[in-house]
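Engineer: how would this look folded up:
(one chain, ligands or ions: 1)
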Amino acid sequence: MKKQLLALAAGLALSAAAFATDEIKVVVDAAKPGPVINKNIYGQFAEHLGTGIYEGIWVGPDSKIPNVRGWRKDVVGALKNLKVPLVRWPGGCFADEYHWREGIGPRNKRPVKVNTHWGGVPENNAVGTHEFFDLVEQLGAEAYVNGNLGTGSAQEMAEWLEYMTAEGKSTLADLRRKNGRDKPFRVHYFAIGNETWGCGGNMRPEYYADLYRQVATFLKTPANNRPLFIASGGNDQDTKWTEVLSKNIRWNFDAIAHHYYTFPSGKWEGKGPAVGFGEDQWISTLANTLKIEQTIVKNKAILDQNDPKKRLALYMDEWGSWYDPEPGSNPGFLVQRNTLRDALLAALHFNVFHAHADRVRMSNIAQMVNVLQAMIITTKDQLILTPTYHAFEMYTPFQDATSLPVTVQNNPTYSVAAHSMPTISATAALAKDGKLWVGLVNADATKPQELTLDLGAAVKSAKGRILTAAAMDAENSFKAPNAIKPEPFEAQAVNGKLVVKLPAKAIVVLAVER
Ligand code: AHR
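Structural biologist: The predicted structure follows:
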């Protein structure tokens, strides 16, 4: 009897499993392609801040470190693998203290200033306009120049644009030629100020909107070299800037630059450490990252009202993790270590940006090298590629791919202490090479997850790579530069549906064989 009861119980369990409804299912609607994922979502930001430029990428042409006209070969080579679409320069807060005339002409004659915003260190202006364009041209990237509104003027910005873009006879174009550049530089993006609510001048949005209208009137270039003009927008969950700017600016206005940083504690004071954290700060960081979607949704709703034809773009102009500074470092240099947590944080951003690709047509991680959530960390002639670098590299197939609608059914809630978030994040897109790519994140720090991938048609298998590690704060170091790196990963089909076994705390990017 006991045996019979046991068999019955086992049978019930089996049939319950057969009809289980809690199976996690990622459904991709390949028949309904969405907007193109602008490659500029993978943009980079390089500011005159700490060793972000000097030492990190720029060593000067006389350095023993191998370089091309002053730019480090190793760093540029590694960045090329990321297919960097654009670089934003010279700031950040630095942009509103930068005067372009101090960065042209013979380098040994350029003035040395104090970088008052970042660490009070000397700024020798060795990297100026010509050097910046040399870097973007070596990278094959587009140039995003941030103009100085805070301590500059309409005249200074107008003349900088003329210097960079004038083709025929002009004293400024002749000066550019004298400084070694005959043909104009191609300026793809030009911003009027940065964080004008804060370090860029502590303005109110109404005042800035008026200033923008005035300045933008005088920013002229040849028609074939007109940059997209960018207004400095709001921060974090703010919507007022988008509201006021989109209502009041009408001309020479292509995008609003919104900034959103992730702090583990959610607070500016006592942000939290970059390494040596517990699962409470693992989840709080990733959950705070996901709140970027709320700000995008709210700001998009305002744009949809004020700009229904979707002419204006919402640029997530600065994003990334911001931790307490590395002990012993200059706090003004924003040095922080980079771990597996940062890689997942990056992938979550990508998945959110892809889902809002209709308006989010650019985003720039802060920052490219040695500062905040960097791709690359250098010391002397050595470099390490961070987990964030690997996340960017794994997601390169999504650049300019066509987004596909994705839903995650039965997505478990991942909870630790007071924090909770969806466990799985997913994205999918049809790339220019015809392949269907899927990006998956399992945010749970301890629990693997199995899911099925439903593409609406039978699939055979999927191949790609995974990024994971045993520790939440696994990182690469100069002693162990390859401690964490992408590894091959495969998923097989069962009855035409792909079964993906995601380890805990992992990113997987797969190309689906159809
Ligand atoms: O990325 C560091 C700083 O963060 C930038 O200079 C500024 O725009 C933001 O506050």
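Engineer: How about the residues of the stretch 101-250 of the chain by the ligand?
Structural biologist: Near the ligand, the residues belonging to the stretch 101-250 of the chain are 194, 195 when assessed by Cβ under 6 Å from any ligand atom. C-beta coordinates here come from the backbone N, C-alpha and C atoms, glycine included.
Engineer: Show me the beta-bridge partners of whichever residue of the stretch 201-350 of the chain sits closest to the ligand.
Structural biologist: Using Cβ to the nearest ligand atom, residue 318 is the residue of the stretch 201-350 of the chain that sits closest to the ligand, at 5.5 Å. Per DSSP bridges, the residues bridged to residue 318 are residue 259.
Engineer: any weak-confidence spans in the stretch 201-350 of the chain?
Structural biologist: Scanning the stretch 201-350 of the chain for pLDDT under 70 picks out nothing.
Engineer: which stretches of it form helices?
Structural biologist: Using DSSP state H, counting those that start in this stretch, the helices of the stretch 201-350 of the chain run over residues 205-217, 240-248, 279-290, 292-306, 340-355.
Engineer: would CSV of those with mean neighbour count be doable?
Structural biologist: Formatted as CSV, the helices of the stretch 201-350 of the chain follow (neighbours: other Cβ atoms under 10 Å):
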stretch, mean neighbour count
helix 205-217, 18
helix 240-248, 20
helix 279-290, 22
helix 292-306, 17
helix 340-355, 26
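Engineer: Now render these as CSV, adding distance to residue 144.
Structural biologist: Listed next are these as CSV, based on distance: least, Cβ to Cβ, whole Å:
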stretch, distance to residue 144
helix 205-217, 17
helix 240-248, 18
helix 279-290, 23
helix 292-306, 20
helix 340-355, 17
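Engineer: out of those helices, nearest to residue 143?
Structural biologist: Checking these against residue 143 by Cβ to Cβ gives helix 205-217 as the closest, at 18.8 Å.
Engineer: angle of the closest one against helix 240-248?
Structural biologist: 50 degrees (axes from the mean of the first three to the mean of the last three Cα atoms, to 10 degrees).
Engineer: Dump helix 205-217 to CSV, restricted to CA.
Structural biologist: What follows is helix 205-217, C-alpha atoms only, in CSV (Å, rounded to 0.1, in the frame of the first residue of the first chain):
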residue,chain,number,x,y,z
PRO,A,205,16.1,74.9,-16.9
GLU,A,206,14.2,78.0,-18.0
TYR,A,207,17.3,80.2,-17.9
TYR,A,208,19.4,77.5,-19.7
ALA,A,209,16.7,77.1,-22.4
ASP,A,210,16.9,80.9,-23.1
LEU,A,211,20.7,80.8,-23.2
TYR,A,212,20.7,77.7,-25.5
ARG,A,213,18.4,79.5,-27.9
GLN,A,214,20.7,82.5,-27.9
VAL,A,215,23.9,80.5,-28.3
ALA,A,216,22.5,78.1,-30.9
THR,A,217,21.6,81.0,-33.1
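Engineer: Next, count neighbours for the closest residue to residue 511 other than its chain neighbours.
Structural biologist: In space, and not counting its chain neighbours, residue 511 is closest to residue 435: 4.7 Å by Cβ to Cβ, 6 or more residues apart in numbering. Neighbours of residue 435 under the rule other Cβ atoms under 10 Å: 15.
Engineer: In this structure, what residue lies closest to the ligand?
Structural biologist: Counting by Cβ to the nearest ligand atom, the chain gets nearest the ligand through residue 92, at 2.6 Å.
Engineer: Could you report the neighbour count for that residue?
Structural biologist: Quick note: residue 92 (other Cβ under 10 Å) scores 29 neighbours.
Engineer: Backbone dihedrals for the closest residue to it other than its chain neighbours, both of them.
Structural biologist: Distances taken as Cβ to Cβ, 6+ apart put residue 47 closest to residue 92, at 3.9 Å, once the chain neighbours are dropped. When read as degrees, to the nearest 10, the backbone of residue 47 gives phi -110, psi 150.
Engineer: residues in contact with residue 47?
Structural biologist: Counting by Cβ atoms under 8 Å, 6 or more residues apart in numbering, residue 47 touches 53, 89, 90, 91, 92, 93, 94, 95, 118, 366, 367, 371.
Engineer: what would those residues look like in JSON lines with distance to residue 148 and secondary structure?
Structural biologist: Below are the contacts of residue 47 laid out as JSON lines (distance: Cβ to Cβ, whole Å; DSSP: H, G, I helix; E, B strand; the rest coil):
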{"residue": "53", "distance to residue 148": "17", "secondary structure": "coil"}
{"residue": "89", "distance to residue 148": "12", "secondary structure": "strand"}
{"residue": "90", "distance to residue 148": "9", "secondary structure": "coil"}
{"residue": "91", "distance to residue 148": "9", "secondary structure": "coil"}
{"residue": "92", "distance to residue 148": "11", "secondary structure": "coil"}
{"residue": "93", "distance to residue 148": "11", "secondary structure": "helix"}
{"residue": "94", "distance to residue 148": "9", "secondary structure": "helix"}
{"residue": "95", "distance to residue 148": "6", "secondary structure": "helix"}
{"residue": "118", "distance to residue 148": "15", "secondary structure": "coil"}
{"residue": "366", "distance to residue 148": "19", "secondary structure": "strand"}
{"residue": "367", "distance to residue 148": "19", "secondary structure": "coil"}
{"residue": "371", "distance to residue 148": "20", "secondary structure": "coil"}
